[in-house]
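Trainee: coords below, sequence missing:
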């Protein structure tokens with residue numbers, strides 16, 4: 001009561017305490033926030049003396065990469081560096097394009113067990129109007145952690161619904177989600193229903209009920225496409241007579257083939273059905289997951305379908321599958337002439353930092369090193385429709401680069417520098433802060449402090 005009376009008679013004390021509390025909270029949050037985004041490039045920068053892995057045109061020993069205003073202006077062994085350029089000596093190190101994670105939820109999910117931090121899906125089953133880029137949280141602790149391992153770009157995908165919404169290619173640095181967006185929308189994500197009928201005695205539905213549920217989902221999908229086409233045709237003929245429906249407006253790029261349909265499918269039946277559906281709808285198709293996709297390789301090749309291969313660090317999909325099933329999927333598809341991109345874990349957790357190591361596992365099981373590197377750089381960019389901007393070190397492309405002390409697919413290598421459109425990116429993360437903290441702890445113990 002004494003405290004209450006004090007505040008009643010001295011309202012300024014209450015105000016002062018509130019201000020102190022708010023400031024303390026602000027300082028606490030600020031100290032835990034992600035690193036400050038990089039500054040825009042103000043003068044030319046030259047990375048001189050390192051091994052330049054262009055991806056598109058081989059390697060250049062003791063090469064130079066020159067970039068200005070966020071764009072690569074020269075690459076080669078005898079580049080003339082302007083007098084006003086910042087020269088960075090990278091002798092003994094390696095320059096690569098920034099790695100691209102072809103399937104990610106970075107910025108959409110922070111802590112899976114805390115519902116308020118999970119924004120990967122909307123309610124409802126038909127959500128073509130959902131835009132992944134507007135939901136990305138630039139302050140996510142996941143983003144600095146994965147970019148510290150060389151992941152410069154992530155293909156952020158909504159999930160959960162039959163039509164989950166539009167994906168986006170996001171740069172892993174920036175003040176706002178708008179500043180981070182490289183390309184949006186990138187594709188329309190559809191979760192294809194499982195077409196496998198369970199005959200287990202523990203199944204909750206009979207075989208007939210399961211088949212009927214699959215058919216209902218497919219009918220719902222077909223109806224959505226039919227409704228979108230009908231709406232767009234009617235709107236074109238009489239624009240003023242129809243109210244805008246953002247769901248069907250979002251599907252227009254599918255029908256003019258400027259945006260692909262990205263179908264999440266692992267089973268062979270799913271893949272085959274998705275290809276037939278895309279062909280019937282006359283839309284471009286990308287398969288995401290694709291565990292059984294190699295079995296349909298001729299069909300995929302005939303229809304120009306690329307595959308975003310799911311995480312290699314996974315269990316076999318069936319009890320009777322070979323132990324190496326997830327490890328060899330990428331190699332089987334590449335051997336069949338299918339354009340592939342490799343994905344990390346893709347669930348929005350910090351484990352997405354392991355993209356390079358997941359790719360290395362595919363390499364250890366038959367994918368050549370060149371194929372592996374391309375699958376997380378140039379080929380990933382081709383699949384996602386951003387190869388004109390990123391994925392290789394070429395004149396005219398964005399200066400989105402990493403500098404490493406070794407092969408970025410090797411677990412012992414470290415990324416020492418990153419540039420996103422010419423901006424120097426901070427590589428500190430929650431993990432590096434904890435590492436420094438506990439290194440200091442044991443240093444003190446060693447000297448008796």
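Mentor: Perfect, thanks for sending it. Remember, predicted model here, so these are calculated numbers, not experimental data.

Trainee: contacting residues for residue 303?
Mentor: 275, 278-279, 285 (C-beta atoms under 8 Å, 6 or more residues apart in numbering). All C-beta spots, glycine's among them, are computed from the backbone N, C-alpha and C.

Trainee: Which one of these sits in the busiest neighbourhood?
Mentor: residue 285 (24 neighbours; other C-beta atoms under 10 Å).

Trainee: these two touch, right, that residue and residue 265?
Mentor: No - contact criterion C-beta atoms under 8 Å: residue 285 and residue 265 do not qualify, at 10.0 Å.

Trainee: which residues do the two both contact?
Mentor: residue 274.

Trainee: Show the average pLDDT along stretch 353-373.
Mentor: Averaged over stretch 353-373, pLDDT sits at 95.

Trainee: what about that stretch, start to end distance?
Mentor: The first and final residues of stretch 353-373 sit 16 Å from each other (C-alpha to C-alpha, to the nearest Å).

Trainee: Give the buried residues for it.
Mentor: 353-363, 365-367, 371-373 (16 or more other C-beta atoms under 10 Å).

Trainee: just the helices in the stretch 51-200 of the chain please.
Mentor: With DSSP state H, counting those that start in this stretch applied, the stretch 51-200 of the chain shows helices at 132-135, 142-147, 177-180, listed in chain order.

Trainee: what mean pLDDT does the last one have?
Mentor: Mean pLDDT, computed over helix 177-180, is 95.

Trainee: Okay, buried residues for it please.
Mentor: Those buried within helix 177-180 under the rule 16+ other C-beta under 10 Å are 177, 180.

Trainee: Could you break this protein into its assigned domains?
Mentor: 1-32, 40-98+391-449, 99-389 (automatic domain parsing).

Trainee: and those domains, which is most packed in?
Mentor: domain 99-389 (a mean of 20; mean count of other C-beta atoms under 10 Å).

Trainee: picking up where we left off before, if we compare the helices of the stretch 51-200 of the chain, which one ends up closest to residue 225?
Mentor: In terms of C-beta to C-beta, the element of the helices of the stretch 51-200 of the chain nearest to residue 225 is helix 132-135, at 20.6 Å.

Trainee: In helices, which of the buried residues of stretch 353-373 appear?
Mentor: 355-363, 371-373 (DSSP state H).

Trainee: Tell me which two in those residues are the farthest apart.
Mentor: Most distant of these, by C-beta to C-beta, are 357 and 371, 16.4 Å apart.

Trainee: if we can go back for a sec, nearest approach to residue 402 belongs to which of the helices of the stretch 51-200 of the chain?
Mentor: That would be, of the helices of the stretch 51-200 of the chain and by C-beta to C-beta, helix 142-147, which comes in at 9.1 Å.

Trainee: pLDDT below threshold where in this protein?
Mentor: Within the chain, the stretches with pLDDT under 70 are 1-33, 346-348.

Trainee: Find the residue at the geometric middle of it.
Mentor: residue 154 (2.3 Å; C-alpha atoms, centre = their mean).

Trainee: ok, back up a step: distance to residue 74 added to the ones in helices among the buried residues of stretch 353-373, as TSV?
Mentor: Listed next are those as TSV, based on distance: C-beta to C-beta, whole Å:
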residue	distance to residue 74
355	29
356	27
357	32
358	33
359	29
360	31
361	36
362	33
363	31
371	28
372	28
373	22
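
Trainee: Spatially, what comes nearest to residue 371 if we skip its sequence neighbours?
Mentor: residue 334 (5.3 Å; C-beta to C-beta, 6 or more residues apart in numbering).

Trainee: does that neighbour sit in a helix, a strand or a coil?
Mentor: Classification of residue 334 by DSSP: H, G, I helix; E, B strand; the rest coil places it in helix.

Trainee: Could you pull up the contacting residues of it?
Mentor: Taking C-beta under 8 Å, 6+ apart, one finds 340, 367, 371, 375 in contact with residue 334.

Trainee: got it, and residue 124?
Mentor: Contact analysis of residue 124 by C-beta under 8 Å, 6+ apart lists residue 161.

Trainee: do you know how far residue 81 is from residue 264?
Mentor: 47 Å (C-beta to C-beta, to the nearest Å).

Trainee: and what of residue 85?
Mentor: Separation of residue 85 from residue 264 (C-beta to C-beta): 45 Å.

Trainee: what's the answer for residue 284, then?
Mentor: Distance from residue 284 to residue 264, by C-beta to C-beta: 16 Å.

Trainee: before we move on, what about residue 354?
Mentor: In terms of C-beta to C-beta, residue 354 sits 21 Å off from residue 264.

Trainee: Next, format the contacts of residue 303 as CSV and append distance to residue 41 and secondary structure.
Mentor: Shown next, in CSV, are the contacts of residue 303 (distance: C-beta to C-beta, whole Å; DSSP: H, G, I helix; E, B strand; the rest coil):
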residue, distance to residue 41, secondary structure
275, 44, helix
278, 41, helix
279, 45, helix
285, 38, strand
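
Trainee: Just give me the closest of those to residue 52.
Mentor: Closest approach to residue 52 among the contacts of residue 303 (C-beta to C-beta): residue 285, at 34.9 Å.

Trainee: What residues are recorded as beta-bridge partners of the closest one?
Mentor: On the basis of DSSP bridges, residue 285 is bridged to residue 261.

Trainee: where's it relative to residue 217, distance?
Mentor: 18 Å.

Trainee: In which helix or strand does residue 276 reside?
Mentor: helix 268-281 (DSSP states H and E).

Trainee: For that helix, which helices and strands make contact with it?
Mentor: On a contact count with 3 or more C-beta pairs under 8 Å, 6 or more residues apart in numbering; DSSP states H and E, helix 268-281 meets helix 207-237, strand 261-265, strand 285-289, helix 297-302.

Trainee: Measure how the second one sits relative to helix 268-281, angle-wise.
Mentor: Yep, that's strand 261-265 we're talking about. Between strand 261-265 and helix 268-281, the angle comes out at 160 degrees (axes from the mean of the first three to the mean of the last three C-alpha atoms, to 10 degrees).

Trainee: now do the first one
Mentor: Counting by the same axes, to 10 degrees, helix 207-237 lies at 20 degrees to helix 268-281.

Trainee: Toward the C-terminus from helix 207-237, list the very next helix or strand.
Mentor: Downstream of helix 207-237 (by DSSP H and E), the next one is helix 246-249.

Trainee: Can you pull the phi and psi angles for the residue lying closest to residue 297 once chain neighbours are set aside?
Mentor: Leaving aside its chain neighbours, residue 297 sits nearest to residue 336 (3.5 Å; criterion: C-beta to C-beta, 6+ apart). Dihedral angles of residue 336 (phi, psi; degrees, to the nearest 10) stand at phi -90, psi 0.
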